[in-house]
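Enquirer: Have a look at this fold, sequence not included:
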């Protein structure tokens, strides 16, 4: 659980930093670049979390799969 949180924070920091620096280089405005960077970092975190949650939604763990197969054998 801690590694998931650390990865989420790292993703937020990296996306925010890269987007902020890109917008700062492009426009030259520091305030606007930080604001856009924070917004993009937040959207990236929500997107990755939603995609990982959706990807696991249809999966079953190995134990559940084995138990369901054993029930059919009887």
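Expert: Sure thing, it's come through. Values in this document were obtained by computation on a predicted structure and should not be read as measured data.
Enquirer: What is the lengthiest helix in the chain packed up against?
Expert: When the chain is parsed with DSSP state H, its longest helix is helix 30-57. Under the contact definition 3 or more C-beta pairs under 8 Å, 6 or more residues apart in numbering; DSSP states H and E, helix 30-57 sits against helix 2-27. (Glycine included, C-beta is placed from N, CA and C.)
Enquirer: got the angle for the helix it packs on vs helix 30-57?
Expert: Calculated by axes from the mean of the first three to the mean of the last three C-alpha atoms, to 10 degrees, helix 2-27 forms an angle of 140 degrees with helix 30-57.
Enquirer: Report all helices and strands that helix 2-27 contacts.
Expert: helix 30-57.
Enquirer: what's the distance between the helix it packs on and the middle of its chain?
Expert: 7 Å (C-alpha atoms, centre = their mean, to the nearest Å).
Enquirer: List the buried residues in the longest helix of the chain.
Expert: Of the residues in helix 30-57, 33, 36, 37, 40, 41, 44, 45 count as buried by neighbour count, 16 or more other C-beta atoms under 10 Å.
Enquirer: pLDDT on that helix, on average?
Expert: For helix 30-57, mean pLDDT is 88.
Enquirer: Could you save the buried residues of helix 30-57 as CSV and add columns showing distance to residue 27?
Expert: CSV is the format used below for these (distance: C-beta to C-beta, whole Å):
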residue, distance to residue 27
33, 7
36, 9
37, 12
40, 14
41, 18
44, 20
45, 24
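Enquirer: what's residue 42 in contact with, if anything?
Expert: residue 12 (C-beta atoms under 8 Å, 6 or more residues apart in numbering).
Enquirer: buried stuff in stretch 12-21?
Expert: So, applying 16+ other C-beta under 10 Å, buried residues of stretch 12-21: 12, 15, 16, 19, 20.
Enquirer: which residues are in contact with it?
Expert: 33, 34, 36, 37, 38, 40, 41, 42, 44, 45.
Enquirer: Looking at the residues you listed, which is nearest residue 25?
Expert: residue 33 (8.4 Å; C-beta to C-beta).
Enquirer: Could you pull up the residues touching the closest one?
Expert: Residue 33 touches 19, 20, 21, 22, 23, 24, 27, counting by C-beta under 8 Å, 6+ apart.
Enquirer: Great, nothing more from me.
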